[in-house]
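> Any chance you could fold what I've pasted below:
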Amino acid sequence: MISQFEWDKDKAITNIRKHDDMFPEYEFDYQKAHPNRFADQINKDRLVVVLDPDIADIFTTAESVNMVLRALITTMPAVAKQLPAS
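Model prediction:
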């Protein structure tokens, strides 16, 4: 008898095959993988931030978010001195 904590490889493989709805053509062959050709185009100095939907409705572009954040930073005395002039 198999205890509840024992690994049963055959049962696991059967369950995967039984419930696998991924088509064989979607199985990724890591041997044929290529490096991301666009990776060098990514600006390493940028930071991606996810906005809540209500905020994203108002600030729809990166420029609008940056403009408001820069205005806010100028009101913060300790940080405003560190901000480079834009």
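
> all contacts plus neighbour counts: C-alpha atoms, from now on.
Noted.

> Show me which helix runs longest in the chain.
As assigned by DSSP state H, the longest helix anywhere in the chain is helix 62-74.

> Buried residues, that helix. List them.
Ile73 (16 or more other C-alpha atoms under 10 Å).

> okay, and for the chain, where does confidence drop off?
For the chain, the stretches with pLDDT under 70 are 1-7, 17, 19-26, 79-86.

> what residue lies at the spatial centre of it?
Val48 (8.6 Å; C-alpha atoms, centre = their mean).

> can you dump the C-alpha coordinates of the longest helix of the chain into CSV?
Taking C-alpha atoms only, helix 62-74 is exported to CSV below (Å, rounded to 0.1, in the frame of the first residue of the first chain):
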residue,chain,number,x,y,z
ALA,A,62,4.6,56.7,-19.0
GLU,A,63,5.1,60.4,-19.6
SER,A,64,2.1,61.4,-17.5
VAL,A,65,3.1,59.2,-14.6
ASN,A,66,6.7,60.5,-14.8
MET,A,67,5.5,64.1,-14.9
VAL,A,68,3.3,63.7,-11.8
LEU,A,69,6.0,61.8,-9.9
ARG,A,70,8.6,64.5,-10.7
ALA,A,71,6.3,67.2,-9.5
LEU,A,72,5.7,65.2,-6.3
ILE,A,73,9.5,64.7,-5.8
THR,A,74,10.1,68.5,-6.0
